[in-house]
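**Student:** Next come a sequence and a model predicted from it.
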Amino acid sequence: MPTREAPSVVANRATHLPKGNRGGIELLLIHNVEHLGKQGDVVEVKRGYAANYLLPQGLATVATEHHKRMVEKHRAKLEEIARERLAGLRSLLAELARTSVTIEANANDEGHLYGSVGAPEISRSLKQQDLMVVPDQIVLQGPLKEVGLYTVKVRLAAEVEGDLKVWVVPASGDAGAK
């Protein structure tokens, strides 16, 4: 008996979904859904997409007024956290602008490196100075292959970007070794 009633329960639940302005189902996204929206967005989708995918997967919920108010409160907290994070990133960027990094590398007499210096080496050198920058945040046009002074872009966030001075010097004792 319960197996016969199960489809009618699902059908009843699907008929109680709130309709949007364009005839679709109005839902509040709990998680980011690619090609649909971000967490907290109120979206309007077709009934089948809502009943068969978004709701059962726990990606969305019914967009009631209570849920919308809760999302607005949560969004305000998230915006405050984002503002604080950006302020921290800007202060880190100001510190980076005042800093230069020196990296020793094996080089020949003409100043060409036997290897190259990339973002991981720059990041490691910054960590030694207690400046936490991950290699993904360092933007290089290509690997650094010669001894010299380079200006490297550092992108900490989409709107927080600046320059860093990087000195590549021959490793001590290798200047005339090979």
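**Tutor:** Thanks, I have the structure now.

**Student:** Please report how far the closest residue to A50 other than its chain neighbours lies from K19.
**Tutor:** Leaving aside its chain neighbours, A50 sits nearest to I25 (4.1 Å; criterion: CB to CB, 6 or more residues apart in numbering). Yep, even glycine has a C-beta here, placed from its N, CA and C like the rest. Look at I25 and K19: by CB to CB, to the nearest Å, they are 7 Å apart.

**Student:** got it, and V43?
**Tutor:** If you go by CB to CB, the gap between V43 and K19 works out to 13 Å.

**Student:** Have a look at these two and say which one is more surrounded.
**Tutor:** Between V43 and K19, V43 has the larger neighbour count (other CB atoms under 10 Å), namely 20 against 11.

**Student:** for the strand or helix carrying the more buried one, packing partners?
**Tutor:** Per DSSP states H and E, V43 falls inside strand 42-45. Counting contacts by 3 or more CB pairs under 8 Å, 6 or more residues apart in numbering; DSSP states H and E, strand 42-45 is packed against strand 25-29.

**Student:** Outline the domain layout of the protein.
**Tutor:** Domain segmentation of the chain under automatic domain parsing yields 2-63, 93-170.

**Student:** Leaving out sequence neighbours, find the closest residue to K46.
**Tutor:** Spatial nearest neighbour of K46, chain neighbours left out: G24 (5.6 Å); criterion: CB to CB, 6+ apart.

**Student:** Which neighbours do V43 and K19 have in common?
**Tutor:** E26 (CB atoms under 8 Å, 6 or more residues apart in numbering).
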